[in-house]
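Colleague: Dropping a prediction and its sequence here:
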Amino acid sequence: MTTSSKPLKQIHLAAHFPGVNNTTVWSDPRAGSHIEFSSFAHFARTAERAKFDFLFLAEGLRLREQGGKIYDLDVVGRPDTFTVLTALAAVTDHIGLTGTINSTFNEPYEVARQFAGLDHLSGGRSAWNVVTSWDAFTGENFRRGGFLPQEERYSRAKEFLATVKELLDSWHGDEIVADQATGTFLKDAKAGSFTHTGQHFAIHGQFNVSRPPQGRPVIFQAGDSDEGREFAAAEADAIFSRHGTLEAGRAFYTDVKSRLAKYGRRDDQLLILPAATFALADTDAEAEELAREVRRRQVSGATALRHLEFVWNRDLSAYDPDGPLPDVDPDVSESHIAQGRAQVRMYRDPIATAREWRALAEANNWSIRDLVIHTGNRQNFVGSPETLARTINEYVQSDASDGFILVPHLTPTGLDEFADKVVPLLQEQGVFRTDYEGPTLRDHLGLAHPDAVGER
Amino acid sequence: MSANPTPLHLAVALDGTGWHPASWREPVSRPRDLFTAAYWTDLITEAERGLLDLVTLEDGLGPQSSHFLDPDGRTDQVRGRLDAVLIASRVAPLTHHIGLVPTVVATHTEPFHISKAIATLDYVSSGRAGLRVQISARPNEAARFGRRTIERIDRYDTPSVHELFDEAADYVEVVRRLWDSWEDDAEIRDTATGRFIDRDKLHHIHFEGRHFSVKGPSITPRPPQGQPIVSALAHDTVPYRLVARSADIGYVTPHDADEARAVAAVIRAEQRAAGRADEPLHVFGDLVVFLDDDPGAARARRERLDALAGEAYTSDALIFAGSPAELADLLQEFQTAGLTGFRLRPAVAGHDLPAITRGLVPELQRRGVFRRAYEAGTLRGLLGLARPANRYAAA
């Protein structure tokens, strides 16, 4: 499959800590705590043992609700992103530390301080997955409430990111001389001076954290809309995408990379890193069986009904999950039964989605639960270590991605087997590092230090 | 001294290379390392070696300044600092006993974020987290956030500052409610019903105040201590009230035993007025310390640093220069006047922190007023505070 004329691409691999959605199987006897630090430490050390580029943490700023009640079927609860990543810096030496931080319910000065701090305290291993929010539901936990109209969320995010970059660039890195003999601590009284006046922020003063090792954190972007792709092409170092198949991955890859030139950027300045789940066993047949078992655990009858409610926007608890799909149409009124979930917004045309799902279920003789298992299937890689290594490499060499952010279904040991069995095969093929080559996350990702990139 | 003297509690306040503005020029100081993890790890593990109850970490949203409210543009003193919560988090996995109490600025941050940050610090430290809440009355720090303006003041006892303290009290209330918004046994993992949590044990906090409202619950489960330690520095009646209503530790700055007695009396009266008379509340005296075995050496060091700084160092707190034995005498005198512990501010961190842990602590141990080993696994335990019941749990 590999094109012979091209040199082999090096694969980037990262690890997504199992999160608060039904991908994460908590009912397994091996499933540990999602909040104790020992879980995060085990997960990070495993990823570092496997020489992964980085560890990824998602974030949510309000607990999910369905029908006005806190959603209780999936893992609930997560730690503060900056706090846990900084603590992980103490128990690891190389692995990158990527955190999702919302640009809507934070302020640039504080976020810039936190990322500069994380970068200093990790020796240059920080990365920021910039996400946006506009919903009043999440806003109810913050001083500003749900103040932002949906159409402004990217404009605030762009200005937020630009402002953080201005703040981090306000120190050049050589200001602190700390000459004990002469008594000069700073060579420049204006170190950290900034003024930003824009649509969303009008701030000025002096930034009080010196320039961190990476200059600024590696920037990730996670939205898939046209605006999101454009934002990534202009501003991001990497995209956290969700295109699971080879075809969809290639189309996305081509589309996003083609947008770079107009911002004066090269193809290798933006990495495409989709999220990917996997089922790994000694043989392909065993892995198929494991994948089926995991799917049954991920989608209980109750979970299937709740999932259908995202589209139907109605209470479907009276339906039998092992029976046919509801014959009523989705409620298309504004108020959503499910709140706090990103995927609710994926179903922008619920009537069409319902029609499509009914046709699928009828054609395959699927129950509600069967349908949700099949349509929600994100089990990207299923097979033996050899199969997984071959498939992942094929995706990367054929430009469906530059690597993957792996999402195991078990906490905290879900990565162990992959690290022990798949990574050595990729290393043997010469497509994955056998050791870290530099201390910073930018080194792992092959990204230039911002100071060395004139146009940025 | 009585036959069974009451043990005193000991904290150290870490700020840069020390509290004297010329401290960075001492050979023992490491001013180039201030932005590294190793620097803070070394200091905090030294404090832990001395069996101290806790360290506090100073913070601020603008450059340090020798002026009351405005930046000073000076280049001959340490300027710039790391976020205190992050320093505490970075050091937490490398320490095992000492309490970690970063400063948080209530005026410009979100109680929702800080609540989960300190809860997470409690997880990563296995029950050793606290916070020191602080207001910012500096117009220039407000300009870094751009979402409010702060009225220019000439002293701290003004209505607009009272307002900032009221807001800080609301802030602490929200933080505390969020810590309680999960009952301890909310996670049930009931495979029979497929429920991970019992949602009846998660609570919206419904806080509505003058300055902000917060719905809750937290995204982070109730931390190991239930309620991490809340502390505040206080110099006047309004902040004393914040301490009496909202805190587990108040740091105060008496300059002699009589003043210590008077301050403690005000705080205890405010505590009764707040209906908290039965709850333990520590009142720690803050002192800047220059410590040397030879008292003359300590005083000479102070003079030398003052000369380097170009002016005599002044502080809100009493500045002590002398021997560990003299300081122990003073602390015991203040303790008799009603203080339950002390937060010492090392004038030169690299010199005076080891002088505390290797000189003062053995002196206090000889007198039978300080622990010889850590006797509890959590900061609450060290401070003699019980793990509180959850306010939302059904009785």
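Modeller: Perfect, thanks for sending it.
Colleague: so how many other residues sit close to residue 23?
Modeller: Picked chain A for this. A count of neighbours around A:Thr23, defined by other Cβ atoms under 10 Å in any protein chain shown, yields 20. For glycine as for every other residue, the C-beta is placed from the backbone atoms N, C-alpha and C.
Colleague: that's the other chain; I wanted chain B
Modeller: Residues lying near B:Ser23 (other Cβ under 10 Å) number 27.
Colleague: mind checking how far the lowest-mean-pLDDT helix or strand in chain A is from the chain centre?
Modeller: Every helix and strand of chain A was ranked by mean pLDDT, DSSP states H and E. The lowest is strand A:338-339, at a mean of 83. Computed by Cα atoms, centre = their mean, to the nearest Å, the chain-centroid distance of strand A:338-339 equals 21 Å.
Colleague: now the strands for the stretch 151-300 of chain B?
Modeller: Remark: strands assigned in the stretch 151-300 of chain B by DSSP state E, counting those that start in this stretch are B:187-190, B:195-197, B:207-208, B:213-214, B:229-233, B:249-252, B:282-291.
Colleague: Pretty sure A:Asp255 sits against A:Arg229.
Modeller: Yes. Counting by Cβ atoms under 8 Å, A:Asp255 does reach A:Arg229; the two are 6.7 Å apart.
Colleague: does any bit of the least confident helix or strand of chain A sit next to chain B?
Modeller: No. Shown here: strand A:338-339 not in contact with chain B (Cβ under 8 Å from any Cβ of the partner chain), separated by at least 11.5 Å.
Colleague: which other helices and strands contact that strand?
Modeller: Secondary-structure packing of strand A:338-339 (3 or more Cβ pairs under 8 Å, 6 or more residues apart in numbering or on different chains; DSSP states H and E): strand A:65-66, helix A:301-312.
Colleague: Pull out the buried residues from the longest one.
Modeller: Think helix A:301-312. For helix A:301-312, the neighbour count (16 or more other Cβ atoms under 10 Å in any protein chain shown) marks A:Gly301, A:Ala302, A:Thr303, A:Ala304, A:Leu305, A:Arg306, A:His307, A:Leu308, A:Glu309, A:Phe310, A:Val311, A:Trp312 as buried.
Colleague: on that earlier part again, as JSON lines, the strands of the stretch 151-300 of chain B with mean neighbour count, mean pLDDT and distance to B:Gly99 would be great.
Modeller: Formatted as JSON lines, the strands of the stretch 151-300 of chain B follow (neighbours: other Cβ atoms under 10 Å in any protein chain shown; pLDDT from 0 to 100; distance: least, Cβ to Cβ, whole Å):
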{"stretch": "strand B:187-190", "mean neighbour count": "15", "mean pLDDT": "97", "distance to B:Gly99": "26"}
{"stretch": "strand B:195-197", "mean neighbour count": "23", "mean pLDDT": "97", "distance to B:Gly99": "30"}
{"stretch": "strand B:207-208", "mean neighbour count": "14", "mean pLDDT": "96", "distance to B:Gly99": "27"}
{"stretch": "strand B:213-214", "mean neighbour count": "23", "mean pLDDT": "96", "distance to B:Gly99": "26"}
{"stretch": "strand B:229-233", "mean neighbour count": "25", "mean pLDDT": "98", "distance to B:Gly99": "7"}
{"stretch": "strand B:249-252", "mean neighbour count": "28", "mean pLDDT": "98", "distance to B:Gly99": "10"}
{"stretch": "strand B:282-291", "mean neighbour count": "26", "mean pLDDT": "98", "distance to B:Gly99": "12"}
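Colleague: Output stretch B:94-102 as PDB, nothing but the C-alphas.
Modeller: Extracted C-alpha coordinates of stretch B:94-102, given in PDB (Å, rounded to 0.1, in the frame of the first residue of the first chain):
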ATOM      1  CA  LEU B  94       7.300  15.100  45.200                       C
ATOM      2  CA  THR B  95       6.200  15.800  48.800                       C
ATOM      3  CA  HIS B  96       4.200  13.600  51.200                       C
ATOM      4  CA  HIS B  97       3.200  15.500  54.300                       C
ATOM      5  CA  ILE B  98       3.400  19.300  54.100                       C
ATOM      6  CA  GLY B  99       0.300  21.400  53.300                       C
ATOM      7  CA  LEU B 100       0.300  23.300  50.000                       C
ATOM      8  CA  VAL B 101      -1.500  26.600  50.100                       C
ATOM      9  CA  PRO B 102      -1.300  28.800  47.000                       C
END
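Colleague: in that stretch, what's buried?
Modeller: For stretch B:94-102, using 16+ other Cβ under 10 Å, the buried residues are B:Thr95, B:His97, B:Ile98, B:Gly99, B:Leu100, B:Val101, B:Pro102.
Colleague: cool, and stretch A:353-373?
Modeller: For stretch A:353-373, a neighbour-count test (16+ other Cβ under 10 Å) marks A:353-354, A:357-358, A:361, A:366-373 as buried.
Colleague: again, but for stretch A:200-209
Modeller: By neighbour count with 16+ other Cβ under 10 Å, stretch A:200-209 contains the buried residues A:His200, A:Phe201, A:Ile203, A:Gly205, A:Gln206, A:Phe207, A:Asn208, A:Val209.
Colleague: what about residue 58, neighbour count?
Modeller: Since you didn't name a chain, this refers to chain A. A:Ala58 has 22 neighbours, counted by other Cβ under 10 Å.
Colleague: actually it's chain B I care about, not the one you picked
Modeller: Applying other Cβ under 10 Å, I find that B:Glu58 has 18 neighbouring residues.
Colleague: how close does the nearest residue to it once chain neighbours are set aside sit to A:Thr132?
Modeller: Distances taken as Cβ to Cβ, 6 or more residues apart in numbering or on different chains put B:Asp15 closest to B:Glu58, at 3.9 Å, once the chain neighbours are dropped. For B:Asp15, the distance to A:Thr132 equals 36 Å [Cβ to Cβ, to the nearest Å].
Colleague: When those two are compared, which one has more neighbours?
Modeller: For B:Asp15 versus A:Thr132, the count of surrounding residues by other Cβ under 10 Å is larger for A:Thr132: 24 against 20.
Colleague: In contact with the more buried one, which residues?
Modeller: Each residue near A:Thr132 by Cβ atoms under 8 Å, 6 or more residues apart in numbering or on different chains is listed here: A:Asn102, A:Ser103, A:Thr104, A:Arg153, A:Tyr154, A:Arg156, A:Ala157, A:Gly223.
Colleague: so what's the backbone phi/psi at A:Pro450?
Modeller: The phi and psi values for A:Pro450, taken as degrees, to the nearest 10, are phi -50, psi -40.
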